[in-house]
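Visitor: sharing a sequence plus its predicted fold:
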Amino acid sequence: MKVESSQRLAAVKPYIFAKIAQKRKLVAARGVDIVDLGRGGPDQPPYGEALEELAVRAADPALYSYTPYTGSPELGQAIEDWYQRRFKAKVSAADVALLPGSKGGLSRLFLALCNPGDLVLLPDPAFPAYVAAATISQLQIHTVPLTAERGWLPELKVIRKDALRRAKLILLNYPNNPTGAMVPPEFITELLDWAEETETLVVWDNAYSFITYGDYQPLSIFSDPRGAELAIEFHTFSKAYAMAGARIAFAAGNSEAIALLRRIELYYQAGIFAPTLAAATVALNEGDEAVAMGLAEYTARRELFSAKLDELDWEHELPGGATYFWLRLPGGRDDLSFCDDLLEKHGVVLTPGSAFGEQGVGYVRASITVSQEKITEAFRRIGEFLA
Ligand SMILES: Cc1ncc(COP(=O)(O)O)c(C=O)c1O
């Protein structure tokens, strides 16, 4: 029997990450000890009490039924309290959609809000799942370039009028993957002024919310109360709470958009595992200190990473947030062949900037989700490669 891909799936460009994973396997099979600065998931352990909660509940046979798609009242309350405590923002659990990860939630948001042929504004460079999700939903993508000159923030005023008229939404993500950029609080005001003026829904992917450095503070789009009407914000437990494999996230904000997301989720999921709901509740209620400790480790790695780049005279910016260095390659080198050669010859994985869009050509993304020892080892090898 011949089985063919749908047009919508065939239209998605192959994931560069899959190619890298394949190459990584081949190099590792030769006995090379790989240093992987390509991974996006945290290497740090989750908050201990959350882990314990998960383990205890997982031993209870009564907790293996389907759960309500709205989660548990305890988690709803924890989300309200957490928004209040961490962001001074008022969010009602009634306007929250619980998700098995934000990646799937973001893609189903497109399906819930947009018709085939509708236009969405997406940043470039960006988390590749955005383009894939928009393509599968058969949407037209208008890219909003993020450039070094503007500190990797979008220039909203120059978005073409015809695109704006048709745009269903703009999707942005800060602290940013892949550039490591963070926004100042004034940007939220500027963005919501623009959203009000252009009547464009803002989708604010806050995946790395608490991972900010130096003077940058964690921000929610609801830090400006207009966000509750003009935006929806996604949070995940994958990054700051280091629970990526547990698959739990949520979205809050504009009540109509959230109602539509909740509605489509009904057809895609059958609730989240009860022990995961309980662990997430503990993480939100009691995890502030663990999140701060995780951040302290990322901060130390960021400093080490920068010092190592200095030793190589590799010009770079320090990330304001997230877990990535976004590096322009010296001498205008090609990012795809650079990463391929580095992996082949020295067993170090970096992600080519092209994986994140046209604006990423000539850049590489290096992740600080490995230990300080591994960072030191990676730079010993990168030094040899560049010599
Ligand atoms: C910007 C961004 N959004 C969303 C996600 C996905 O998070 P989740 O694990 O909740 O699906 C990632 C993961 O790397 C990410 O970088």
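Guide: Happy to help now that I have it.
Visitor: just the element for Ala240, please.
Guide: Element membership for Ala240 (DSSP states H and E) is empty, with no helix or strand holding it.
Visitor: how close does it get to Ser209?
Guide: 6 Å (Cβ to Cβ, to the nearest Å). For the C-beta atoms, the positions are set from N, CA and C on the backbone; glycine is no exception.
Visitor: of the two, which one has the most company?
Guide: Using other Cβ atoms under 10 Å as the criterion, Ala240 and Ser209 rank with Ala240 on top: 29 against 24.
Visitor: contacts only, for the more buried one.
Guide: Contacts for Ala240 (Cβ atoms under 8 Å, 6 or more residues apart in numbering) come out as Tyr208, Ser209, Phe210, Ile211, Val291, Gly294, Leu295.
Visitor: hmm, try it at 6 Å
Guide: Counting by Cβ atoms under 6 Å, 6 or more residues apart in numbering, Ala240 touches Phe210, Ile211, Val291.
Visitor: what count of nearby residues applies to the second one?
Guide: One way to gauge burial is a neighbour count; for Ile211, by other Cβ under 10 Å, it gives 27.
Visitor: for this protein, what spans make up the helices?
Guide: For the chain, applying DSSP state H gives helices covering 7-10, 16-29, 48-58, 73-87, 102-113, 129-136, 161-166, 185-198, 227-230, 255-268, 274-286, 288-311, 335-346, 372-386.
Visitor: export these to TSV and tack on mean neighbour count, distance to Gly362 and mean pLDDT?
Guide: Listed next are the helices of the chain as TSV, based on neighbours: other Cβ atoms under 10 Å; distance: least, Cβ to Cβ, whole Å; pLDDT from 0 to 100:
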stretch	mean neighbour count	distance to Gly362	mean pLDDT
helix 7-10	10	29	95
helix 16-29	14	15	92
helix 48-58	16	40	96
helix 73-87	17	36	97
helix 102-113	22	27	97
helix 129-136	20	19	97
helix 161-166	13	26	94
helix 185-198	16	26	97
helix 227-230	20	35	97
helix 255-268	16	36	96
helix 274-286	23	39	98
helix 288-311	16	16	97
helix 335-346	18	6	96
helix 372-386	16	16	97
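Visitor: Leu37: which of those helices is closest?
Guide: The minimum distance between Leu37 and these falls on helix 372-386, with 5.7 Å, by Cβ to Cβ.
Visitor: also within reach of the ligand: list those from the contacts of Ala240.
Guide: Counting by Cβ under 6 Å from any ligand atom, nothing from those sits close to the ligand.
Visitor: closest to the ligand among these?
Guide: Nearest to the ligand among the contacts of Ala240 is Ile211, at 10.9 Å by Cβ to the nearest ligand atom.
Visitor: got the contact list for the closest one?
Guide: Neighbours of Ile211 in contact, by Cβ under 6 Å, 6+ apart: Pro175, Ala240, Gly321, Ala322.
Visitor: out of those, the closest to Phe17 would be?
Guide: Ala322 (16.9 Å).
Visitor: correct me, but that closest one touches Thr179?
Guide: No - if you go by Cβ atoms under 6 Å, Ala322 and Thr179 don't touch, sitting 8.2 Å apart.
Visitor: so between those two, which is more surrounded?
Guide: Looking at Ala322 and Thr179 with other Cβ under 10 Å, you find the greater number of neighbours at Thr179, namely 32 against 28.
Visitor: closest residue of the stretch 251-387 of the chain to the ligand?
Guide: The ligand sits closest to Ala322 of the stretch 251-387 of the chain, with a gap of 7.7 Å, by Cβ to the nearest ligand atom.
Visitor: any idea how far that residue is from Ile368?
Guide: Per Cβ to Cβ, Ala322 is found 9 Å from Ile368.
Visitor: just Val32 next, same as before
Guide: To Ile368, Val32 is 22 Å away according to Cβ to Cβ.
Visitor: these two: who's more crowded?
Guide: A count of neighbours by other Cβ under 10 Å puts Ile368 above the other of Val32 and Ile368, at 26 against 16.
Visitor: can you pull the contacts of the more buried one?
Guide: By Cβ under 6 Å, 6+ apart, Ile368 lies in contact with Arg301, Arg302, Phe305, Thr323.
Visitor: what's the distance between it and Ile375?
Guide: Noted for Ile368: a distance of 7 Å to Ile375, by Cβ to Cβ.
Visitor: repeat for Gly101
Guide: Taking Cβ to Cβ as the measure, Gly101 falls 28 Å from Ile375.
Visitor: which bits of the stretch 1-150 of the chain sit near the ligand?
Guide: Going by Cβ under 6 Å from any ligand atom, the residues of the stretch 1-150 of the chain near the ligand are Gly40, Gly101, Ser102, Lys103, Phe127.
Visitor: which residue, neighbours along the chain excluded, lies closest to the second one?
Guide: I take that to be Gly101. Distances taken as Cβ to Cβ, 6 or more residues apart in numbering place Arg247 nearest to Gly101, at 4.5 Å, with adjacent residues excluded.
Visitor: thought the one you found was touching Ser102?
Guide: No - assessed by Cβ under 6 Å, Arg247 is found out of contact with Ser102, at 9.7 Å.
Visitor: what's around the residue nearest to Gly101, how many residues?
Guide: When neighbours are defined as other Cβ under 10 Å, Arg247 has 19 of them.
Visitor: check Pro225 too.
Guide: Neighbours around Pro225, by other Cβ under 10 Å: 11.
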